[in-house]
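A.B. asks: What would the 3D arrangement of this be:
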Amino acid sequence: MPSRRTLRRPAVLAVVTCAALAGGLLTVQSASAAGTRIHDIQGRTRISPLAGKQVDDVPGTVTAVRAFGSSRGFWVQDPHPDGDPATSEAVFVFTGKETPKVSVGDAVTVSGTVSEYYPGGKDAGGQSVTEITGASWTVTASGQPLPAPVKLNSASIPARYAPDAGGGSIESRTLKPGTYALDRYESLEGMRVAVADAPVVGPTNTHNELWVTATPGHHRTARGGTLYGSYADPNGGRVKVQSLIPFSQRPFPVANVGDRLSGTTAGPLDYDNFGGYTVQATELGALDAHTPAPETTRKQTAGELAVATYNVENLAPDNPQAKFDRLAKGLVHNLAAPDVVALEEVQDDSGAKDDGTVTAGTTLKKLTDAITAAGGPAYAWRSIDPRNDEDGGQPGGNIRIAFLYNPQRVAFTDVAGGDATTPVKVVDDHGKAGLSASPGRIAPTDPAWKSSRKPLVGEFALKSKPASRVFVIANHFNSKGGDQGVDSRFQPPARTSETQRTAQAKLVNTFVKELLAKDPKAEVVVAGDLNDYQFSPALKTLTAGGILTDQVTKLPVNERYSYVYQGNSQVLDHLLTSKALARADYDIVHINAEYADQTSDHDPQVLRVKP
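C.D. replies: Numbering: from 1, shown residues only. Predicted coordinates for the structure are as follows:
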């Protein structure tokens, strides 16, 4: 059966108004004894005007049943709408762990308590789902026709995403479904909707979910995704698809970005905290595969230095050997064996086991051995072990940044003194910029790096040009955890994690400025998973003063992405260069993020420069 990541807590009496104690029992005020319909329950805002009240004998037709998991229930829709586009004509009847004894096409009258349920909890900032809980119902007829689904397409979904409330809640605002996409979806909550011939813009994940777009002409990437290019436009055509069809009858499609669900995908429109508005499909389109091939990049020439960045997603010794082999294949064949690789999310030698281990030699040896076995160079590595449990990530994993480098083509300049807490300094080295420690960490005790990875700095020289001196600063900024989603009931959503990333960016920017103060022609590459967009405050801070060029901004707009999140293709990984290396050949190599079967959730990227 379809899987669920989140348990829906029982919502009985979750919102109660006008309640009174009588005879020691909590009673709930009843709505009008007769005549209440679903559109009265849903109302014209995000919160039901009847929240907390008892409703009786609300009529409708069962359009879908969820008969699995702990969030069982059924959707019921009124076949006689009121004509108001702001009021939904359907509602979910929540039965908890009990499988409801109803069938699709049953005409029912439902009684129960109106409740607002917040998936993920109210504090997460998401929308609520209006439900009837503690319900009883009567089946009055069977085999009734279902209301025709509302077509989701470019004509029905407004281009503007959400009203601007200055960061405040939009719950009490009257819905404007003809003006805002978010209001349009809310006005259809629980109702049957359909998308036709829908392009897949987010690959099938391990929870049997995928994302499609109902507005295929909007912000498409070169390979068929949907590009996230600004905070102002989160791409309102994106909707998640799950299935109510038992997998024994219809396996969930394993789809990649660029594929399509041909025909009709239809079902009630739900909402959850893992992707927002969701078509709970009772009808699934057929998978029409148009998956683009994984990319490869060209080999660097003898006089070029190739520097790559790759988030290897919690790589640990106990990962399957297949993961190491696939990472190795990607580095050797798809990335053409870069000279220097900045790795992010390398776990310690005991993986997620929180036993005090901080070394990662076993992890790195297992990867470099796999690279050699795949026909690649015998990479050496440099890293600095963090203090235990101080760098964030999976508890016990002690993720860190590490350099791989090919000693046949490049030399690493080792300067003793780098450790977990000693800051690296810029020093004078015969009139040029040098490092007090190589590898070294930038300001590792600064509060900006609390529970976050510290940048790793190293000095490299291309062996064919012994006098060359390239400083590579590898990074993994703090995550977006805790931010409100783009579909939040607070608009614009709060991005609280930006504050820490912006502070981190300022420290790296300052360090680059110190290098350039010693030598205005210093050759610097800033690499890594910065967990932020090219248009974000963090990236603007990192490039402040024009000291760095974010190479992604030189790509065609429809190629600017390295990560796919909830159907949005976006930039999280970056390679930036100082002016001396601004003329770089830069490539994001799409081998992971768009695919259901992925080695990492990030695409690697590489640049080639001539020191």
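
A.B. asks: just checking, Ile473 is part of a strand?
C.D. replies: Yes: Ile473 sits within a strand when classified using DSSP: H, G, I helix; E, B strand; the rest coil.

A.B. asks: Span of stretch 580-589 from start to end?
C.D. replies: Chord length of stretch 580-589, first to last residue, is 24 Å (CA to CA, to the nearest Å).

A.B. asks: Name the secondary structure element that contains Glu186.
C.D. replies: helix 181-187 (DSSP states H and E).

A.B. asks: What is the neighbour count of Lys240?
C.D. replies: Under the neighbour criterion other CB atoms under 10 Å, Lys240 is assigned a count of 22. (Glycine included, C-beta is placed from N, CA and C.)

A.B. asks: shift numbering so it begins at 35
C.D. replies: Sure, I'll start numbering at 35, so the last one becomes Lys274.

A.B. asks: thinking again about what came up before, C-alpha coordinates for the helix holding Glu220, PDB please?
C.D. replies: Output in PDB follows, covering the C-alpha atoms of helix 215-221 (Å, rounded to 0.1, in the frame of the first residue of the first chain):
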ATOM      1  CA  ALA A 215      -2.400  30.200  -7.200                       C
ATOM      2  CA  LEU A 216      -2.200  29.400  -3.500                       C
ATOM      3  CA  ASP A 217      -5.800  30.700  -3.100                       C
ATOM      4  CA  ARG A 218      -6.900  28.700  -6.100                       C
ATOM      5  CA  TYR A 219      -5.700  25.500  -4.600                       C
ATOM      6  CA  GLU A 220      -7.200  26.300  -1.200                       C
ATOM      7  CA  SER A 221     -10.600  27.000  -2.900                       C
END
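
A.B. asks: tell me the mean pLDDT over that helix?
C.D. replies: Model confidence over helix 215-221 averages 98 on the pLDDT scale.

A.B. asks: which element follows that helix toward the C-terminus?
C.D. replies: Along the chain past helix 215-221, the next helix or strand (assigned with DSSP H and E) turns out to be strand 226-236.

A.B. asks: Quick check: buried residues in that following strand?
C.D. replies: Taking 16 or more other CB atoms under 10 Å as the neighbour-count basis, strand 226-236 is seen to contain the buried residues Arg226, Val227, Ala228, Val229, Ala232, Pro233, Val234, Val235, Gly236.

A.B. asks: Show me the strands paired with the helix or strand that comes right after it, marking each as parallel or antiparallel.
C.D. replies: Scanning the chain past strand 226-236 towards its C-terminal end, the next helix or strand to appear is strand 244-247 (assignment: DSSP H and E). Sheet pairing of strand 244-247 (DSSP bridges) gives strand 226-236 (antiparallel), strand 272-277 (antiparallel).

A.B. asks: Now find how far off-centre strand 244-247 is within its chain.
C.D. replies: Between the mean C-alpha location of strand 244-247 and the chain-wide mean there is a distance of 13 Å, by CA atoms, centre = their mean, to the nearest Å.

A.B. asks: quick one: average confidence on it?
C.D. replies: 98.

A.B. asks: ranges for the helices of this protein?
C.D. replies: With DSSP state H as the definition, the chain shows helices at residue ranges 72-76, 215-221, 355-363, 395-407, 532-552, 571-576.

A.B. asks: would you list those in CSV and tack on mean neighbour count and distance to Leu582?
C.D. replies: Formatted as CSV, the helices of the chain follow (neighbours: other CB atoms under 10 Å; distance: least, CB to CB, whole Å):
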stretch, mean neighbour count, distance to Leu582
helix 72-76, 24, 51
helix 215-221, 25, 35
helix 355-363, 18, 28
helix 395-407, 19, 28
helix 532-552, 19, 6
helix 571-576, 21, 6
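
A.B. asks: Distance to Ala501 added to the ones you listed, as JSON lines?
C.D. replies: Compiled in JSON lines, those are given as follows (distance: least, CB to CB, whole Å):
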{"stretch": "helix 72-76", "distance to Ala501": "72"}
{"stretch": "helix 215-221", "distance to Ala501": "57"}
{"stretch": "helix 355-363", "distance to Ala501": "32"}
{"stretch": "helix 395-407", "distance to Ala501": "28"}
{"stretch": "helix 532-552", "distance to Ala501": "16"}
{"stretch": "helix 571-576", "distance to Ala501": "28"}
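
A.B. asks: Of all the ones you listed, which one is nearest Ala256?
C.D. replies: Comparing the helices of the chain by their distance to Ala256 (CB to CB), the top pick is helix 571-576, with 21.7 Å.

A.B. asks: Could you list every helix and strand that that closest one packs against?
C.D. replies: helix 532-552 (3 or more CB pairs under 8 Å, 6 or more residues apart in numbering; DSSP states H and E).

A.B. asks: Quick one: distance of the helix it packs on to the chain centre.
C.D. replies: From the chain centre to the centre of helix 532-552 is a distance of 26 Å (CA atoms, centre = their mean).

A.B. asks: ok, now stretch 93-104?
C.D. replies: Using CA atoms, centre = their mean, the offset of stretch 93-104 from its chain centre is 29 Å.

A.B. asks: try stretch 298-313
C.D. replies: Using CA atoms, centre = their mean, the mean C-alpha position of stretch 298-313 is found 17 Å from that of the whole chain.

A.B. asks: Quick check: buried residues in it?
C.D. replies: Applying a neighbour-count criterion of 16+ other CB under 10 Å, one finds 298-313 buried in stretch 298-313.

A.B. asks: ok, which pair from those residues is furthest apart?
C.D. replies: The farthest-apart pair in the buried residues of stretch 298-313, when distances are taken by CB to CB, is Thr298 and Asn307, at 27.0 Å.
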